[in-house]
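>>> Any chance you can model this:
(one chain, ligands or ions: 1)
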Amino acid sequence: MTEPKIVTAVVERGPAIVGVVTDRRTVEGVDYETVRVRYLEALRFTAGVLPIVIPGGLTDQDLRTCLSVLNGVLLTGAESNVSPSLYGGPEACLKTLDLDRDRTSFAAIKIALSSGIPLFGICRGLQELNVALGGTLSSNISEGECRISHSEDLSLPRDLQYAPSHAILAEGHGHIAQCIRRSHKDPVLVNTLHRQGIARLADGLAVDARCVDGVIEAVSVKDAPTFAAAVQWHPEWFHAEDPLSVEIFRAFGEACYSHMIATKLQP
Ligand SMILES: N[C@@H](CCC(=O)NCCCC(=O)O)C(=O)O
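Residues are numbered from 1 along each chain as shown. Below you'll find the predicted structure:
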């Protein structure tokens, strides 16, 4: 009996390596590059890949060197907003910014998409992907007729803040739409912890899922040769228990292994 392709790849070449962008934090006057452990655990235990961090502040050349040894990139969620200067947004979004993170994520998106490296964005990561490809953001996506609240109740314990909250419906045939259909019958419930959201969708993106109130919840990059997609909710929180989260992280992991196998086979 022959081993599955991924098992053979791990034995012969080691695990696929995924770079994770970090957030800049200043605590008591000291700067840190941070990443929430839950994202790293979802990559290790559900996607089955080896995460390493991509620190902010690298030059474009260093980022290229860094991505040249990676098989995937994860753009995590973050409390900070994408700088409105990048999409002509209102000053209301100036509250918390992380310009280092913007620069690193935008450069990583461009390099990953032009080199066929699998890319997955979560929450802020989806917003970054949309802006990097020319789309815009709304500063308060919950405002407007027939909109439900998309932000979390901060008075609740963390697991309840990340509990399933509203329904989404799959649309089209992109990576996330396929994951939704494989794991559930539509509609499926997802959590929601964001204030911003997609206003104008970038031309290069296709909608994979929408909330029942019309808000775009998942996108795929049109014509990408590999997994290149993002979600507005947080599949990492219950990455091992929730069937849709498992499906998404496995699909991303498989794309990273396919990339590793394809690049290692090149002379
Ligand atoms: N600031 C943006 C992005 C929201 C976001 O990514 N939240 C995640 C919080 C922390 C985490 O779980 O990683 C917005 O408000 O829309």
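
>>> Are stretch 222-230 and the ligand in contact anywhere?
No - Stretch 222-230 lies out of reach of the ligand by CB under 6 Å from any ligand atom, never closer than 10.9 Å. C-betas here are computed from N, CA, C, even on glycine.

>>> List the contacts of the helix or strand encompassing residue 63.
Assigned by DSSP states H and E, residue 63 belongs to helix 60-68. Helix 60-68 has contacts (CB atoms under 8 Å, 6 or more residues apart in numbering) with 19, 54, 58, 73, 104, 107, 108, 111, 112, 115, 117.

>>> I'd like the distance from whatever helix or strand comes next after that helix to the chain centre, please.
Using DSSP H and E, the helix or strand that follows helix 60-68 in sequence is strand 72-75. Chain-centre distance of strand 72-75: 7 Å, with CA atoms, centre = their mean, to the nearest Å.

>>> pLDDT below threshold where in the stretch 51-200 of the chain?
Applying pLDDT under 70 to the stretch 51-200 of the chain flags residues 92-95, 186.

>>> got the residues of it near the ligand?
Within the stretch 51-200 of the chain, the positions near the ligand by CB under 6 Å from any ligand atom are 76, 77, 78, 79, 80, 81, 123, 124, 193, 194, 195, 196.

>>> picking up where we left off before, out of the contacts of helix 60-68, which are buried?
19, 54, 58, 73, 104, 107, 108, 111, 112, 117 (16 or more other CB atoms under 10 Å).

>>> Does the third one touch residue 101 like I think?
Read it as residue 58. No - with contacts counted by CB atoms under 8 Å, residue 58 stays clear of residue 101, the gap being 11.8 Å.

>>> overlap in contacts of these two?
What both residue 58 and residue 101 touch, as defined by CB under 8 Å, 6+ apart, is an empty set.

>>> Are whichever strand or helix holds residue 246 and the ligand in contact anywhere?
Residue 246 belongs to helix 243-265 when assigned by DSSP H and E. No - taking CB under 6 Å from any ligand atom as the criterion, helix 243-265 and the ligand are apart, separated by no less than 13.4 Å.

>>> Tell me which residues of that helix come out buried.
244-261.

>>> again with stretch 29-38
For stretch 29-38, by 16+ other CB under 10 Å, it's 33, 35, 36, 38.

>>> Save these as TSV, and put in secondary structure and pLDDT too.
Shown next, in TSV, are the buried residues of stretch 29-38 (DSSP: H, G, I helix; E, B strand; the rest coil; pLDDT from 0 to 100):
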residue	secondary structure	pLDDT
33	strand	96
35	coil	98
36	coil	98
38	helix	98
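
>>> so which of those residues would you say is closest to the ligand?
residue 36 (5.3 Å; CB to the nearest ligand atom).

>>> Which residue ranges of the stretch 51-200 of the chain form strands?
Under the criterion DSSP state E, counting those that start in this stretch, the stretch 51-200 of the chain contains strands at 72-75, 119-122, 137-138, 166-170, 188-190, 197-198.

>>> hang on, isn't residue 32 packed against residue 56?
No - assessed by CB under 8 Å, residue 32 is found out of contact with residue 56, at 10.4 Å.

>>> which two from the buried ones among the contacts of helix 60-68 end up farthest apart in space?
Greatest spatial distance among these (CB to CB): 58 and 117, at 15.8 Å.

>>> does residue 166 really touch residue 187, like I thought?
No - if you go by CB under 8 Å, residue 166 and residue 187 don't touch, sitting 9.2 Å apart.

>>> More neighbours: which of these two?
Taking neighbours as other CB atoms under 10 Å, residue 166 and residue 187 compare with residue 166 leading, 18 against 15.
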